[in-house]
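Q: take a look and give me a structure for this.
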Amino acid sequence: MIGIIGGSGVYEITSKADNVEKKIVSTDYGDVEVSILDIFGKEVAFIPRHASGHSIPPHKINFRANIDALKNVGVTQIIATNSVGSMNLEMPPGSFVIPDDFLDFSESREKTFYEDKVVHIDVTEPYCPTLKEILDKSGDVILGGTYVCTQGPRFETPAEIRMFKMLGGDLVGMTGLPDVTLARERELCYNSICIVSNYASGISECELTIDEVFEMVEAR
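A: Numbering: from 1, shown residues only. Now for the predicted structure:
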């Protein structure tokens, strides 16, 4: 089964489904509402990362519960949408980017399922190559790019963006981690579709607003 984690502006996909069943899935990290949908004859599990109405901020998301809930309902592959700012002029607003690496600057998040034993997962290739090939064939996407994850909920400063660019960052967002590494720990194939909503702070002279993010996601 395919699981979809919807980011900012993607709170439901029921309009494309023939059948929808909402269920509360219990995990060791909390309960999660998961929608099981029939889309074009395929069973899909859907979770809105920020909950309905965008009520959960980035630093309060229960990442472990979300990944475990998808695992518990039988998901083997996860596609997540992430709204991002671009630090790369070749990835303009409106682009879909499939990242292939990340830099994690998030703080104070529960980032592993292995709290009581030593487990070191390999993240040489953090995103699933199989899903990357499928997504590449599905439409006009940019393959490759380094995603920088910040803590949020504030946007980044121009100085931070300059630093991230120096380190090789292309995209910046608040929710891409630790989903990808938690999925790896649960042996789930995971990839992200980054929706570029704006240029990052200092790249463009425009003031950053959350409304700009929502408008771009809805347009795409």
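Q: what ranges do the strands span in the chain?
A: Taking DSSP state E as the test, the strands found in the chain are 2-6, 19-27, 30-39, 42-48, 77-86, 96-98, 101-104, 142-143, 146-149, 171-173, 189-199.
Q: now the fourth one: average pLDDT?
A: It stands for strand 42-48. Across strand 42-48, pLDDT averages out at 91.
Q: any buried residues in that strand, and which?
A: In terms of neighbour count (16 or more other Cβ atoms under 10 Å), strand 42-48 has its buried residues at 44-48. For the C-beta atoms, the positions are set from N, CA and C on the backbone; glycine is no exception.
Q: picking that back up, tell me which of the strands of the chain is the most buried.
A: strand 171-173 (a mean of 28; mean count of other Cβ atoms under 10 Å).
Q: now that strand, how far from the chain's geometric center?
A: 10 Å (Cα atoms, centre = their mean, to the nearest Å).
Q: quick one: strands adjacent to it?
A: In the sheet, strand 171-173 lines up against strand 77-86 (antiparallel), strand 146-149 (parallel) (DSSP bridges).
Q: out of these, flag the one nearest K137.
A: Nearest to K137, of all the strands paired with strand 171-173, is strand 77-86, at 13.6 Å by Cβ to Cβ.
Q: just to revisit the earlier point, any chance of the strands paired with strand 171-173 in JSON lines, with distance to C128 too?
A: Below are these laid out as JSON lines (distance: least, Cβ to Cβ, whole Å):
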{"stretch": "strand 77-86", "distance to C128": "7"}
{"stretch": "strand 146-149", "distance to C128": "14"}
